[in-house]
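Q: Predicted model follows, preceded by the sequence.
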Amino acid sequence: MKKIIMLSVLLVSLSACSFSKTKTLSCTYTNITNGLTSNITYDIDHEGDEVKKIRVMYDYRQDTVDTTNTDIDGVDTGTDGTTTDTQPDTDGIVDGIVGDTFDAIINGVTGTILDISGLRSRHTMIQNTYSNTNGFSYQNTTDTDNNYSVTYVIDFDNMTDEDINGMAFDRDLPTLRSIYTNQGFTCSE
């Protein structure tokens with residue numbers, strides 16, 4: 001009889017654990033602009049509709065520059081974005097994303113051309129801003145002239161609501177899914 005009770009308690013314990021199992025929603029976005037490929041992935045760990053942790057992975061790849069190219073910079077504008085070029089583009093600088101970017105961590109960018117160096121600088125600012133925030137960590141995994149990758153981990157169990165909101169995140173899974181799908185991300189579980 002004692003064995004049956006012990007077995008019953010064990011089975012109830014195991015079944016209760018399976019109800020609170022953590023699942024992961026993955027949201028991805030790829031953008032290719034003027035030789036710069038931006039891949040962003042949000043892996044959102046959640047229990048039900050409560051977000052527990054987010055891993056944000058950025059991977060930027062810039063095509064090798066052909067310095068023999070004599071195309072005009074930008075889209076029929078000069079390098080300052082206001083005038084027409086009269087000089088051919090042989091400086092070896094790859095043009096990047098012009099206008100608003102699509103991600104809150106990088107923030108809105110207007111009137112500039114982003115390349116790997118510019119993106120790296122923006123991520124460095126974010127890393128410096130949040131490096132002392134509990135629950136925030138990062139790892140730069142690739143850092144070359146033509147490739148930059150960084151992963152952020154945001155652990156909601158160790159962060160205040162103020163910090164989470166300040167980083168444009170939300171504890172509610174349906175809210176985050178809606179934000180990312182409205183930005184063009186494809187989300188799947």
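A: Done, it's in. Numbers count the residues shown, from 1 in each chain.
Q: pLDDT at L36, what is it?
A: For L36, the model assigns a pLDDT of 86.
Q: That one: neighbour count?
A: Using other C-beta atoms under 10 Å, L36 has 22 other residues around it. The C-beta positions use only the backbone N, C-alpha and C, and glycine is treated the same way.
Q: buried residues in stretch 126-140?
A: By 16 or more other C-beta atoms under 10 Å, the buried positions in stretch 126-140 come out as 126, 130, 133, 135-136, 138.
Q: burial of P174, as a residue count?
A: P174: 9 neighbours (other C-beta under 10 Å).
Q: what sits up against the helix or strand containing it?
A: Using DSSP states H and E, P174 sits within helix 173-182. By C-beta atoms under 8 Å, 6 or more residues apart in numbering, the residues outside helix 173-182 that reach it are 25, 27, 29, 42, 44, 46, 48-51, 54, 169-170, 187.
Q: What of stretch 25-38?
A: Residues contacting stretch 25-38 (C-beta under 8 Å, 6+ apart): 39-44, 46, 58-63, 65, 94-97, 102, 114-116, 119, 173, 176-177, 180-181, 183-189.
Q: of the residues you listed, buried ones?
A: Buried members of the contacts of stretch 25-38, scored by 16+ other C-beta under 10 Å, are 40-44, 46, 58-62, 94-97, 114-116, 119, 173, 176-177, 180, 185, 187.
Q: Please flag which of the contacts of helix 173-182 sit within strands.
A: Under the assignment DSSP state E, those contribute 25, 27, 29, 42, 44, 46, 50-51, 54, 187 to strands.
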